[in-house]
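Asker: predicted model and sequence below, questions to follow.
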Amino acid sequence: ESESESESVRESVFVFVFVSDDGDKLAEAEKALLEAQSKSDEQGNNVRATKAAVKSGTATKEQLAEEIAKLKSLKADLDVKRKAFDEAVGGGSKAAALNKEAFRANLANVLNQRCFVIPGFQIYGGIAGLYDYGPPGCAIKSNIQNYWKRHFVLEEKMLEIEGSAVTPEPVLKASGHVERFTDFMVKDLKNGECFRADHLLEAKLEEMQRNPLEGSVRKDIENVLARIDELTAEELGEQLKKYGCKAPDTNNDISDPFPFNLMFATSIGPKGDVKGYLRPETAQGIFVNFPSLLYYNGMKLPFAAAQLGQSFRNEISPQQGILRVREFTQAEIEHFVDPDFKDHPKFHKVADLEMLIFSRDVQVSDVKKPVLMKLQDAMDKSIIANTTLAYFIGRTFEFMVAVGVNPQRMRFRQHLQHEMAHYAEDCWDCEVECSYGWVECVGIADRSAYDLKAHAQASKTEMTAFIKFDKPKFVEELVVEPNKKVIGKTFKRDAKTVQSALETLTEGNALKLKEQLEKDGEASLKAFCDGGDFKITKEMIKIEMQEKKLSGKMITPGVIEPSFGIGRILYCMLEHCFYTRESDDEKKTVFRFTPLVAPTKCTVFPLLQKDEFNAVARDISETLIDAGLSTLIDVTGTSIGKRYARTDEIGVPFAVTVDHDTLGNQTVTLRERDTCSQVRISISELTPVLKSLIQMKTTWAEVQAKYPSQSVAGGVKKELS
């Protein structure tokens, strides 16, 4: 048994080096480059002047040769300084940018050829921001979603719902989406093409950063980039003009920025008189169902509700593949909690997890580098607002690592004050580094009670819960009791109006009314509320402080919201798992998927195209499928090495081969994708071993230690990155 990859194999994993956070190093490299450029330019002028002097006879050819030699030396030094600057800039350098583009092109080619992701409606020319998932892509996405449900909904005992994607306008008015869910847009003044204004400015500034800049220009650019999300339309327009931003491709002038609502509008019903929108997020479906969910949960807090489904945003100019699309899958959790008690009972289970924490203070410091830190340390230093928020950060970290995101290229960044909504108490983003830079994949926010209060006010529906005290509390409480009999006899038809006005008096106004009644014996109701100009006497109302025993209190719950962008997680994972295995004669692309998310868990191959081999292979395949393992069988006559390569390219982690020994002793070879190593195992043990590997309960190293290795002809030499 041999495989073509076994000659001399090397794995190439593309690793990106992004913009250095070391400002001092960059400043020094930039200063040295500018000085070297200045000296080179000056010497170039000297060479030209010497050439003219030689022609006029005032200088010799030997002098010219000396000047040219100096110029060559200065240019060589300039090249060194340019390389040092490029290294300091990192991902901003032109060479690195080209490498990233080449990597993306290679990845996109494989994704398209192997049907992972397909541009939507491709035969009609496609529509930007719409994509379809082919068989392997669909399988990976389903596996990620199923694991998300297991990891969060099942293990955390959450209440899962499935809400409507079509949402009536009043719901999204209450949530603020109708008024505020906008991006600033500009238009090409000649052809009318639309662009997102902040993206144009960002691209222009990042392009400028790749080159040496004089004086305080670089610092100004960094400041603009740091607050680009908070710029008003006027400020954004000023910056676009200041830096000479033009329309991409045409280089035409652009309009001033103006707001564009990102929601897809629709009409509900045959008359079209009920306005609605395709939901821009799944969260609102949970909020509007809060009373029903609270009842289902036995009227108890805390509890969490979850929803996984499609959301829609009419992006202005979607780019970056499946990272920014117009229809996408969201997985959102709303954890409802007493706003005065946000401790999580299971925080200790994640307290020792260590991850890159990019706190607010570090972001505004000179260092600007995330710190490797345990969650317990982050809580001890009051970096994270509460343990419920910290718990979900930890659980999110575990989820991301399990689905194949590299933890060394993942950070949790705290929102700066200006990034947070006025009602938010603390917000964090799980950002993943890929060829496009740092991409927000998960948002984890303490949204306080804003959403429930907004919907309660708009719908006139109570969005509250009763919190029972551990021990009853005795409190002094103001009691206002209108005398209905006296009020009815006095005011007759207006009695209900007067009674309602008295019952809704604020505590302050009630005390003022009591004071005036005790002083004068009567008072005008109009002076204390909007109840009309009625004369109130002492006999009509009793106002006094009474001691009351309270067993609990009514509260509007606070909300901790983890929100996952499934497509973004999937794309970043694809980049992290993609690498090239090089042999002497060809390169083979491989996806290093974890068994958890791999689209196909195992392939079964007969070594040779023979009936007796094929029959055993089919039996094994059926057994594995019956056990719930997605399996491919390939009985073509293609060489075993090429069949391995084909399945490596779609990330199948394990391969079973039926060979001559199988017919004699009922054993097969089991191959692992990334090491290309093989063991010999009996058919009877194959299914439980594979299930354990795929559930990540057993490692390949443990399997190798237990079962005899199967040597591969020619030997395999590896250089693993």
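Answerer: That came through fine. Just so you know, these numbers come straight off a predicted model, no measurement behind them.

Asker: those helices in the stretch 351-500 of the chain, which residues are they?
Answerer: For the stretch 351-500 of the chain, the helices defined by DSSP state H, counting those that start in this stretch cover 360-363, 375-380, 387-402, 450-459, 484-491, 495-503.

Asker: can you tell me which of those comes nearest to Glu431?
Answerer: Each of those has some distance to Glu431 by C-beta to C-beta; the shortest is helix 387-402, at 10.6 Å. Glycine gets a C-beta too; all of them are placed from N, C-alpha and C.

Asker: just the buried residues of the closest one, please?
Answerer: 387-397, 399-400, 402 (16 or more other C-beta atoms under 10 Å).

Asker: could you say which helix or strand holds Ile316?
Answerer: Assigned by DSSP states H and E, Ile316 falls within no helix or strand.

Asker: relative to Gly565, how far out is it?
Answerer: 18 Å (C-beta to C-beta, to the nearest Å).

Asker: compare those two and say which is more crowded by neighbours.
Answerer: Gly565 (25 against 18; other C-beta atoms under 10 Å).

Asker: distance of the nearest residue to that one once chain neighbours are set aside relative to Lys484?
Answerer: Among residues not flanking Gly565 along the chain, Cys441 sits closest, at 5.6 Å (C-beta to C-beta, 6 or more residues apart in numbering). Remark: distance between Cys441 and Lys484 (C-beta to C-beta) = 60 Å.

Asker: which of these two has more residues huddled nearby?
Answerer: Cys441 (26 against 12).

Asker: quick check: that one touching Leu570?
Answerer: No. Judged on C-beta atoms under 8 Å, Cys441 makes no contact with Leu570 at a distance of 9.4 Å.

Asker: coming back round to it: closest one to Glu281 among the helices of the stretch 351-500 of the chain?
Answerer: helix 450-459 (10.9 Å).

Asker: mind naming the longest strand for the chain?
Answerer: strand 465-482 (DSSP state E).

Asker: for it, buried residues please.
Answerer: 465, 467, 480, 482.

Asker: now Thr594. Nearest residue, chain neighbours left out?
Answerer: Gly404 (4.6 Å).

Asker: what of Glu544?
Answerer: Using C-beta to C-beta, 6+ apart, the nearest residue to Glu544 is Val479, at 5.9 Å.

Asker: what residues are up against the one you found?
Answerer: By C-beta atoms under 8 Å, 6 or more residues apart in numbering, Val479 lies in contact with 542-546.

Asker: buried among the residues you listed? Make that a ChimeraX selection.
Answerer: What follows is the ChimeraX syntax for the buried subset of the contacts of Val479, where burial is set by 16+ other C-beta under 10 Å:
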select :543
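
Asker: and the furthest pair within the contacts of Val479?
Answerer: The widest separation within those (C-beta to C-beta) is 11.5 Å, between Lys542 and Met545.

Asker: my guess is Arg78 contacts Ser40. True?
Answerer: No, residue 78 isn't Arg; it's Leu. Yes. Using C-beta under 8 Å, Leu78 is in contact with Ser40, at 4.9 Å.

Asker: out of the buried residues of strand 465-482, which one sits closest to Arg413?
Answerer: Closest to Arg413, out of all of these and judged by C-beta to C-beta, is Ala465, at 32.0 Å.

Asker: partners of that closest one in the sheet?
Answerer: Beta-bridge pairing for Ala465 (DSSP bridges): Ile555.

Asker: can you pull the contacts of it?
Answerer: 294, 299, 301, 336, 554-557.

Asker: ditto for Ile254
Answerer: 186-189, 195, 200, 240, 245-247.

Asker: contacts only, for Glu522.
Answerer: Counted by C-beta under 8 Å, 6+ apart, Glu522 has contacts 535-538.

Asker: report the beta-bridge partner residues of it.
Answerer: Thr537.

Asker: okay, Val362: pLDDT?
Answerer: Looking at Val362, its pLDDT is 89.

Asker: neighbours around Val186, how many?
Answerer: So Val186, with other C-beta under 10 Å, has 28 neighbours.
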